[in-house]
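> okay, structure incoming, though there's no sequence with it:
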């Protein structure tokens, strides 16, 4: 996907169009739900289509409400002049928590979504660097939900710039500490410096979220990443990555920039079974309601045990990604 348009275009064109689209989808949702219900009756495959359409209606309704609420906050902040004030930052965090609760409630009631965190880490204060498996927007949303609602953290998310096409993500991430990057090699040093700056400014309740894999997991991207390692002469790393079936080989430069900029921050490694439980979107309606919880595991590593140099950090990341792949294999449903 091509890069997002300039901010002015996103605010004056993209956001209003998305708002109108969401409102239109909400208005036609009764007809869509009726059609889905009839299709479910005819195919006798349960109520999966109806559930999926109901969740979609709730999601786009919440998206529309969020866009309007963000515009109201912009007006209240004297048209953006006071957006960086502490009370306005708190208002945005509160609004984001409310949105997460609404979307979570819809996912629980419509999709049967449940999230079970095994052996949750001790919720002690202190800045965190959260490195997770990259498995799609739903995975990211579930992780942010857990960090904000369960652990009371203020997330600072490093994400790819194509997400700026979504007005909700675009506006919230530009008003709260977060970062959009791309994979352009010419911008690599600039992106690493910005990751470091974002990590350096963390307080005791902050958590920087970064996905070392760089892309959502697919088998095609896994094979491409392994081929890239071989072309670069990293044969041992490629051999290890070939033994993994559920994760991509991690990149080290972003994590290194973060741990060097926040040397006192503990690192949290995150594994989960989202892809294995939900499956492909095309077949999702056949698996609703979900009969198993999505299982997650968070490991909190003290800052003193995290390498702060490139070669040791690469080995450390690969050891953890091996463990994450094995954990997912152990906890994923048997097909």
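Now that the structure is in, tell me what you want to look at. Keep in mind that this is a model prediction, so the values were computed, not measured. Numbers count the residues shown, from 1 in each chain.

> show me where the protein has its helices.
7-9, 15-43, 48-76, 86-106, 137-145, 167-175, 188-200, 219-231, 235-242, 253-261, 274-278, 310-331 (DSSP state H).

> relative to residue 289, how far out is the nearest residue to residue 96 once chain neighbours are set aside?
Distance criterion C-beta to C-beta, 6 or more residues apart in numbering; nearest residue to residue 96, sequence neighbours excluded, is residue 172 at 6.0 Å. Glycine gets a C-beta too; all of them are placed from N, C-alpha and C. According to C-beta to C-beta, to the nearest Å, residue 172 and residue 289 sit 29 Å apart.

> the two: which is more packed in?
residue 172 (19 against 15; other C-beta atoms under 10 Å).

> got the contact list for the residue nearest to residue 96?
Neighbour list for residue 172: 70, 92, 96, 178 [criterion: C-beta atoms under 8 Å, 6 or more residues apart in numbering].

> so the second one sits against residue 177, correct?
Going back to what we said before, that points to residue 92. No - using C-beta atoms under 8 Å, residue 92 makes no contact with residue 177, being 10.8 Å away.

> before we move on, the earlier item: give me the pLDDT for the residue nearest to residue 96.
Looking at residue 172, its pLDDT is 96.

> what separates it from residue 265, distance-wise?
23 Å.

> swap in residue 79?
For residue 79, the distance to residue 265 - C-beta to C-beta - is 35 Å.

> for the record, mean pLDDT for stretch 145-163?
93.

> by mean pLDDT, flag the weakest helix or strand of this structure.
Of all the helices and strands that make up the chain, helix 274-278 has the lowest average by mean pLDDT, DSSP states H and E, namely a mean of 64.

> low-confidence ranges, the stretch 51-200 of the chain, go.
Applying pLDDT under 70 to the stretch 51-200 of the chain flags the ranges 136-137.

> try the stretch 201-335 of the chain
Looking along the stretch 201-335 of the chain with the criterion set at pLDDT under 70, you get 275-282, 334-335.
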